[in-house]
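please work out how this folds:
(4 chains)
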Number of protein chains: 2
Amino acid sequence: MEPILEDLEQAEGLAALQAASEAIRNHYRIDHVVYHWVDSAGDQYGCGTYSDDWRDRYLEHNYLRIDPVILGCFQRFHPVDWKRLDWSSKPARTFQAEAIEHGVGNQGFSVPIRGPNGQFALFTVSHSCDDETWAEWTEAHRRDLILIAHTFNEKALDFEPDRAPEQSQSLSPREVDAMTFLAMGYSRAQVADTLSISEHTLRVYIESARFKLGAMNTTHAVARAMSRGLIVV
Amino acid sequence: MEPILEDLEQAEGLAALQAASEAIRNHYRIDHVVYHWVDSAGDQYGCGTYSDDWRDRYLEHNYLRIDPVILGCFQRFHPVDWKRLDWSSKPARTFQAEAIEHGVGNQGFSVPIRGPNGQFALFTVSHSCDDETWAEWTEAHRRDLILIAHTFNEKALDFEPDRAPEQSQSLSPREVDAMTFLAMGYSRAQVADTLSISEHTLRVYIESARFKLGAMNTTHAVARAMSRGLIVV
DNA sequence: TTTCCCCTCCCCAGAAATAGCGAGGGCGAG
DNA sequence: CTCGCCCTCGCTATTTCTGGGGAGGGGAAA
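Sure, this is the predicted structure:
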């Protein structure tokens, strides 16, 4: 795998990443290699070997919200085999059937990668084969895949500087307190009481936090603070 | 490095991780190897080769809040050399002087690792040597360190299942829609309009979602849905 | 020293969310 | 065929939040 990783490290530009996906696919003789990025604003970016057809359909139907790979990896720390995800819900099964119809393999292995400010990326390999073959293959290349995933992500960020240092406006300590307790379900009165300040003062914090975060209301502000990693609940 | 990683993969129990840190240190002939975890509640956990003295001092003074390694890596995606961090602030310099006094090397390399729910871990190696030697060393072992960091984190999570996110009750599609749009800052009226349902119906979804999530109000429900990965914003 | 941000407090009116009651049809599992 | 869950809609009253004002002190950086 060494030369594959070195090639990837040398890649320049997004087109090169696309080529790298294909090189990885050919090297490992698997069906698909995909890198998928989800922004804290909900924007998506991807590159890989899926058909244009499937990619367009995925975006058009906003499958992001039902794709068990995304949903499952979003809750996980570690790389995961698709078999271990939850495919039981009806939309998930429909999605799965449709994916296979569009050439996505029945087996898959995805590496979640997280960054600051709620940035989330997924590096996936997929293939059509039986369970045993797949288990052997993933076991053999697990380490490679982790390294490739991280290198891939690093490269993708290099070429899209907008995505990386999205230096979000930071919150003052009191603003963080306010957002945190609100995210914990406290009402304004309770938060004010907890922080031993007047409710009016608290409101100023909430408002300034909302302003800094470009949020339309308190719920929005809390959601943004969370997805940017400014507060942890 | 292979045997080191295999040993790590075989490790059982927290004591074994402590031993693994020391094994890694000896293998690479460096001063320190440290794994540091920051919990969603602000709790910390760590293991490694720092002296008890320094570790206690770090915890006692809550250095977490001024440590440039933590602060810097928290804003970063990729592994980073300590030289590239911001040591300019006064507390940071004080901290640095104190760290070196307690045996922490003048050089360091840290791998940030993120999980769902704002979980954050850091795997660090540190050494005392000149810049050039360190640059060569990190360049040569960069890949190893990334893999070791992830394996280390995986092991640490295995032994502390509390830390892994629990599988929570799932939301119905409409509830997910409701939570998602609310997290995007829409008011109830706007969400109802967007979903083309009456505001009252929407309210039923919000309430049932709130009930399922054990949340006290809408903001709380959205926060919980986000931190459990039930919605993606 | 001035400027900027942070923290703290106050009033008021209108908009929005919450809490409680109700109703009916559809669809899948047991 | 129930039972439970999901989706849809109605009303009223109360509580809470939001959006405008305004004021002063402290601390850090320039």
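
so where do the helices sit in chain A?
Taking DSSP state H, the helices of chain A run over residues A:2-10, A:14-28, A:52-60, A:68-74, A:90-101, A:131-159, A:173-183, A:188-195, A:199-213, A:218-227.

pretty sure residue A:75 sits against residue B:226.
No. Contact status for residue A:75 versus residue B:226: not in contact, 11.1 Å apart, counting by Cβ atoms under 8 Å. Glycine gets a C-beta too; all of them are placed from N, C-alpha and C.

domain parsing of chain A, as residue ranges.
Chain A resolves into domains spanning A:2-159, A:173-227 when parsed by automatic domain parsing.

between those, which one is nearest to residue B:152?
Evaluated over the domains of chain A, closeness to residue B:152 peaks at domain A:2-159, with 11.8 Å, by Cβ to Cβ.

ok, the residue of chain A positioned farthest from its centre to DNA strand C distance?
With distances taken from the mean C-alpha point of chain A and given as Cα atoms, centre = their mean, the most distant residue is residue A:198, at 39.0 Å. Using Cβ to the nearest atom of the strand, to the nearest Å, residue A:198 is found at 3 Å from DNA strand C.

can you check residue A:196 too?
Using Cβ to the nearest atom of the strand, residue A:196 is found at 7 Å from DNA strand C.

stretch A:184-195 vs chain B: in contact?
Yes. Part of stretch A:184-195 sits close enough to chain B to count as contact by Cβ under 8 Å from any Cβ of the partner chain, namely A:184-187.

that stretch near DNA strand D at all?
Yes. Using Cβ under 7 Å from any atom of the strand, stretch A:184-195 reaches DNA strand D at A:187-189.

distance between that stretch and the chain's centre?
Taking Cα atoms, centre = their mean, to the nearest Å, one finds the center of stretch A:184-195 at 31 Å from the center of the full chain.

do stretch A:83-99 as well
Stretch A:83-99 has its average C-alpha position 19 Å from the chain's average C-alpha position, going by Cα atoms, centre = their mean.

over to stretch A:92-107?
Taking Cα atoms, centre = their mean, one finds stretch A:92-107 lying 20 Å from the centre of the chain it belongs to.

could you do stretch A:179-199 as well?
Relative to the centre of its chain, stretch A:179-199 is centred 31 Å away, using Cα atoms, centre = their mean.

ditto for stretch A:97-110
How far stretch A:97-110 lies from its chain's middle: 19 Å, per Cα atoms, centre = their mean.

any part of stretch A:139-158 near chain B?
Yes. Judged by Cβ under 8 Å from any Cβ, stretch A:139-158 and chain B are in contact via A:143, A:146-147, A:150, A:153-154, A:157.

and that stretch, what's buried?
Within stretch A:139-158, the residues that count as buried by 16 or more other Cβ atoms under 10 Å in any protein chain shown are A:141, A:143-157.

now swap in stretch A:102-116 and tell me
Within stretch A:102-116, the residues that qualify as buried are A:104-116, counting by 16+ other Cβ under 10 Å.

got it, and stretch A:20-29?
Of the residues in stretch A:20-29, those scored as buried under the neighbour-count criterion (16+ other Cβ under 10 Å) are A:20-21, A:23-25, A:28.

residue A:3: which of those is nearest?
The nearest member of the buried residues of stretch A:20-29 to residue A:3, counting by Cβ to Cβ, is residue A:23 at 9.3 Å.

OK, contacts around that closest one?
Contact analysis of residue A:23 by Cβ atoms under 8 Å, 6 or more residues apart in numbering or on different chains lists A:4, A:7.

one more: residue A:103?
The contact partners of residue A:103, taken as Cβ under 8 Å, 6+ apart, are A:31-32, A:50-51, A:54.

if you set the cut-off to 6 Å instead, what comes out?
Counting by Cβ atoms under 6 Å, 6 or more residues apart in numbering or on different chains, residue A:103 makes contact with residue A:51.

any idea how far it lies from DNA strand C?
Relative to DNA strand C, residue A:103 is positioned 28 Å away (criterion: Cβ to the nearest atom of the strand).

and the pLDDT at that residue?
Turning to residue A:103, the model gives it a pLDDT of 88.

same check on residue A:88?
Predicted confidence (pLDDT) at residue A:88: the value is 72.

and the contacts of stretch A:55-75?
A:85-87, A:91-92, A:95, A:110, A:112, A:122, B:116, B:165, B:229.

same check on stretch A:180-191?
With Cβ under 6 Å, 6+ apart as the contact definition, stretch A:180-191 has outside contacts at A:194, A:199, A:202, A:222, A:231, A:233, B:215-216, B:219-220, B:223.

in CSV, list those residues along with neighbour count.
As requested, these are exported to CSV (neighbours: other Cβ atoms under 10 Å in any protein chain shown):
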residue, neighbour count
A:194, 14
A:199, 13
A:202, 23
A:222, 32
A:231, 25
A:233, 21
B:215, 19
B:216, 15
B:219, 25
B:220, 22
B:223, 28
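
pull the contacting residues for the residue lying closest to residue A:174 once chain neighbours are set aside.
Here the nearest residue to residue A:174 in space, its sequence neighbours aside, is residue A:205; by Cβ to Cβ, 6 or more residues apart in numbering or on different chains that works out to 5.0 Å. The contact partners of residue A:205, by Cβ under 6 Å, 6+ apart, come to A:174-175, A:178.

I'd like to know how far residue A:205 sits from residue A:224.
Taken as Cβ to Cβ, to the nearest Å, the spacing of residue A:205 relative to residue A:224 amounts to 15 Å.

so which of the contacts of stretch A:55-75 are in strands?
For those, the ones inside strands are A:110, A:112, A:122, with DSSP state E as the criterion.

just name the closest of those residues to residue B:16, please.
Ranking the ones in strands among the contacts of stretch A:55-75 by separation from residue B:16, with Cβ to Cβ as the measure, puts residue A:112 on top at 25.5 Å.

would you mind measuring from that closest one to residue A:120?
Counting by Cβ to Cβ, the separation of residue A:112 from residue A:120 is 7 Å.

equivalent analysis for residue A:209, please.
Going from residue A:209 to residue A:120 by Cβ to Cβ gives 23 Å.

quick one, which of the two is more surrounded?
residue A:209 (26 against 22; other Cβ atoms under 10 Å in any protein chain shown).
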